[in-house]
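Asks: predicted model and sequence follow; I will ask about them next.
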Amino acid sequence: MLLAAEPTTALDVTVQIPVLRLLREMQRDLGLTIVIVTHDLGASVEDRIAVM
């Protein structure tokens, strides 16, 4: 399991997409579960979402 807290917050928009793609590749290749904690729902790439 990988817990990523605000992984794209301080990044430029042009850098956010490659970072999210890398996380998705790691998830697929390594069979990871990734929990992304963020306030930016526009940058999400989730299969499931929970709002608190």
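Replies: Looks like it arrived, so ask away.

Asks: residue ranges with poor pLDDT in this protein?
Replies: The chain contains residues with pLDDT under 70 at 41-44.

Asks: and the helices in it, which stretches?
Replies: Ranges of helices in the chain, per DSSP state H, are 13-30.

Asks: state the distance from Leu32 to Leu2.
Replies: Distance, Leu32 to Leu2, using CB to CB, to the nearest Å: 5 Å. For glycine as for every other residue, the C-beta is placed from the backbone atoms N, C-alpha and C.

Asks: what do those two both touch?
Replies: Met26 (CB atoms under 8 Å, 6 or more residues apart in numbering).

Asks: tally of neighbours for the closest residue to Val37 other than its chain neighbours?
Replies: Distances taken as CB to CB, 6 or more residues apart in numbering place Ala5 nearest to Val37, at 4.6 Å, with adjacent residues excluded. Residues lying near Ala5 (other CB atoms under 10 Å) number 9.
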